[in-house]
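Enquirer: Task: produce atomic coordinates for the following.
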Amino acid sequence: MNVLLIHREERLRAILETALAGKGFCFFETNDSRRAAFKLSLLRFQAIILDEALPETEGCSFLKRLADDFPEIPVVFLVENPGGQVAKMAMDLGAFSVLPKPLHPFNLMQILAAANLKNQNCCCNSVSDDSAMPFVSKNARPKFVRQTGFSSSAASL
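Expert: Residues are numbered from 1 along each chain as shown. Predicted coordinates:
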């Protein structure tokens, strides 16, 4: 599963890539929206992880652009305050999920699995444990099935 990680902090990008390596995720990372747009023009992604604060633009502005240009790619939006106005705006703009920072890799892995299943058009429409799932957009129709056979790879441009 190709995942584009757009976050200003290199340390967090490295932690997430390390934590999820070997679990079927191939991370492509960047710290700004301009580079992210370039990578989106070259590769096919199954999910995008987007920070609310980017160096040159607000995350919600870039989220709107992503929703307009790539509506089929689920976007996981990272926020400081998951109950705040930015989180609500992200959901209204079409974020697949909103996760609080600091980010726990287990929660992210669950959301990415749901995003992957959304891309596969799975017919199951329920989540087995809502307590383990942070905000997920009702429009996203999260679905879970057991997945095995993940391969390990990581890359960056």
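Enquirer: low-scoring stretches of the protein, by residue?
Expert: In the predicted model, the chain carries pLDDT under 70 at residues 118-157.
Enquirer: in the longest helix along the chain, what's buried?
Expert: Assignment by DSSP state H gives helix 105-119 as the longest helix of the chain. Within helix 105-119, the residues that qualify as buried are 107-119, counting by 16 or more other Cβ atoms under 10 Å. The C-beta positions use only the backbone N, C-alpha and C, and glycine is treated the same way.
Enquirer: Out of those residues, which is nearest to Met91?
Expert: The shortest distance between Met91 and any of the buried residues of helix 105-119, using Cβ to Cβ, involves Ile111 and amounts to 13.4 Å.
Enquirer: my read: the closest one touches Val98, true?
Expert: No. Under the criterion of Cβ atoms under 8 Å, Ile111 lies out of contact with Val98, with a separation of 9.6 Å.
Enquirer: What is the nearest of the buried residues of helix 105-119 to Ala90?
Expert: Comparing the buried residues of helix 105-119 against Ala90 with Cβ to Cβ places Ile111 closest, at 13.3 Å.
Enquirer: In the sheet, which residues pair with the nearest residue to the closest one once chain neighbours are set aside? Tell me.
Expert: Nearest residue to Ile111, sequence neighbours excluded (Cβ to Cβ, 6 or more residues apart in numbering): Ser97, at 4.7 Å. Beta bridges link Ser97 to Val76, Val136 when assigned by DSSP bridges.
Enquirer: Ser97: neighbour count?
Expert: 27 (other Cβ atoms under 10 Å).
Enquirer: Run a quick check on it versus Val79, I expect a contact.
Expert: No. With contact defined as Cβ under 8 Å, Ser97 does not count as touching Val79 (10.7 Å).
Enquirer: Take the buried residues of helix 105-119 and lay them out in a markdown table including distance to Phe27.
Expert: As requested, the buried residues of helix 105-119 are exported to a markdown table (distance: Cβ to Cβ, whole Å):
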| residue | distance to Phe27 |
| --- | --- |
| Asn107 | 16 |
| Leu108 | 11 |
| Met109 | 12 |
| Gln110 | 17 |
| Ile111 | 14 |
| Leu112 | 10 |
| Ala113 | 15 |
| Ala114 | 18 |
| Ala115 | 14 |
| Asn116 | 14 |
| Leu117 | 19 |
| Lys118 | 19 |
| Asn119 | 16 |
